[in-house]
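Below: sequence and its predicted model.
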Amino acid sequence: MSDAPIEPQDYIYGVKVVQIEDLRVARGLTRRPASSCRHKQLVYDQGERRVWCQDCEAEVEAFDAFVGIVEVFSAGMSKLNTRRRELAEAEQFQIRSRAAKVMDEAWRSTKMAPLCPHCMTAILPEDVAGGVAKTSKSLVVAARKRKQTNPTS
């Protein structure tokens, strides 16, 4: 509701004719009745400096035309933001490790299977589908260093 005060009417000289439109505007409502046309086909006439609807051939106020343009652009921006969010989420779940990419490419082969670099046995996708056993990297690195310094053991 509008904060504009409604002017009091004085009836000293009889009843004055009150324009309903003026009261509606004072209360924050519009003078014009709502139209069933959404004014999607706007024509901007620069010569006459007016905007009119090609569908209903009614003149459209500049503010209403501006609001229509802003609605189209804000809908487009919301679609772009949604797409940007979806792409960021997809990038988060993308495989980033080079080793995982190499294994994935090796498992895509229909005739060959990757081998374990230590025991030279085939590693199939079913072997790791349920999870893999884990150990400390520092323990493995230390064991490999010991093995390199003492090749006899």
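Arrived safely, thanks for sending. Keep in mind that this is a model prediction, so the values were computed, not measured.

Show me which helix runs longest in the protein.
Longest helix of the chain, by residue count under DSSP state H: helix 62-92.

Return the set of buried residues in it.
Neighbour counts using 16 or more other C-beta atoms under 10 Å place 64, 65, 68 of helix 62-92 among the buried residues. C-beta here means a position set from N, CA and C on the backbone, and glycine is covered the same way.

now residue 93: how far from residue 103?
Shown here: residue 93 relative to residue 103, a distance of 17 Å by C-beta to C-beta, to the nearest Å.

of the two, who's got more company?
Remark: of residue 93 and residue 103, residue 103 carries more neighbours, 16 against 7, as counted by other C-beta atoms under 10 Å.

So residue 125 sits against residue 107, correct?
Yes - counting by C-beta atoms under 8 Å, residue 125 touches residue 107, with 5.1 Å between them.

Give me the contacts around stretch 56-70.
35, 37, 39, 40, 42, 44, 50, 51, 52, 53 (C-beta atoms under 8 Å, 6 or more residues apart in numbering).

Many thanks, have a good one.
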